[in-house]
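# Sequence isn't available, so here's the structure alone:
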């Protein structure tokens, strides 16, 4: 298993107390509202693996491509004969969680850890984290695209590294790149956006940037 199930994460109160100690990756130094624990723990009621995977795909596709969420959820609810209104709070909670994870460039491992801290069962957390891993590059491109549309990049730093130790033996010795974009937020304020990419992801990212540059030059 990618993540270890901990039965102590069983109620919003207990999970909230433990999160104060461990913290969350998707919010950095902040602490989430207790209602978020309640809404995300409703995922534990979705025992059908395929149903959960499709549910997460719909939300991630909405974040990446701006698909018609209302129409997709209506079709999803009809296919599985469930009350769509009962999913709305969980949908809002997941979108908030995913947006925070996108902003802080959370790996699938961090997404899984955060979900466990919220009290989501290990099986559900594993499925969601795997879906996040599948969409990671598309999500990263989406964040950068949205960021560049509304903010001016005033500085960029990067550095390469090699993984020396990791719980996953296949990752040891692999190269990665850490990227920092410094953005002009206006009113003399700046914000740093951090990303960590494997070399294949970095090459794909460079390819996407080259395509964007070509398109801008064409329309410019």
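Looks like it arrived, so ask away. Everything quoted here is computed from the prediction, not taken from an experiment.

# can we go C-alpha only for contacts and neighbour counts from here?
OK.

# So what pairs up with residue 182 in the strands?
When assigned by DSSP bridges, residue 182 has beta-bridge partners residue 155, residue 192.

# so what pLDDT did it get?
On the pLDDT scale, residue 182 is placed at 84.

# Provide a list of residues in contact with it.
By C-alpha atoms under 8 Å, 6 or more residues apart in numbering, the residues touching residue 182 are 153-156, 190-193.

# Lowest-confidence one in these?
On pLDDT alone, residue 153 ranks lowest of the contacts of residue 182, at 69.

# which one among the contacts of residue 182 gets closest to residue 44?
Nearest to residue 44 among the contacts of residue 182, counting by C-alpha to C-alpha, is residue 193 at 32.4 Å.

# Contact partners for that closest one?
103-104, 180-183.

# Filter the residues you listed down to just the buried residues.
Buried members of the contacts of residue 193, scored by 16 or more other C-alpha atoms under 10 Å, are 103-104, 181-183.

# Break down the chain into its helices, ranges please.
Secondary structure of the chain by DSSP state H: the helices cover 12-22, 34-41, 49-65, 69-80, 88-103, 108-117, 122-150, 199-219.

# out of those helices, nearest to residue 162?
Nearest of the helices of the chain to residue 162, taken as C-alpha to C-alpha: helix 199-219 at 10.4 Å.

# Now the closest one: average pLDDT?
For helix 199-219, mean pLDDT is 68.

# number of nearby residues for residue 159?
Look at residue 159: counted by other C-alpha atoms under 10 Å, it has 10 neighbours.

# in the sheet, who's paired with it?
Under the criterion used (DSSP bridges), residue 159 bridges to residue 178.

# Might one say that it is in contact with residue 178?
Yes: Residue 159 lies in contact with residue 178 (C-alpha atoms under 8 Å); the separation is 5.4 Å.

# deepest of the helices of the chain, which one?
Greatest average neighbour count among these goes to helix 108-117 (a mean of 22), per mean count of other C-alpha atoms under 10 Å.

# could you give the mean pLDDT of that one?
94.

# got any ranges where the chain has weak pLDDT?
1-22, 143-153, 164-173, 209, 211-220 (pLDDT under 70).

# Repeat the analysis, applying 90 as the threshold.
1-23, 27-33, 62-70, 84-85, 99, 102-107, 136-220 (pLDDT under 90).

# Need the distance between the two termini of stretch 40-48.
16 Å (C-alpha to C-alpha, to the nearest Å).

# still on that earlier bit, of all the helices of the chain, which one is nearest residue 163?
helix 199-219 (12.0 Å).

# rewinding a little: now, among the contacts of residue 193, which is nearest to residue 30?
Looking across those and measuring by C-alpha to C-alpha, the closest to residue 30 is residue 104, at 12.3 Å.

# show me the contacts for the residue lying closest to the closest one once chain neighbours are set aside.
Counting by C-alpha to C-alpha, 6 or more residues apart in numbering, residue 26 is the residue found nearest to residue 104 once chain neighbours are left out, at 5.9 Å. Taking C-alpha under 8 Å, 6+ apart, we find residue 26 in contact with 97-98, 100-104, 106, 111, 114.

# Spatially, which two of these are the most separated?
Spatial extent of the contacts of residue 26 (C-alpha to C-alpha) is set by the pair 103 and 114 at 14.6 Å.

# Nearest to residue 86 among the contacts of residue 193?
The closest of these to residue 86 turns out to be residue 103 (C-alpha to C-alpha; 27.4 Å).

# Quick one: neighbours of residue 197, just the number.
21.
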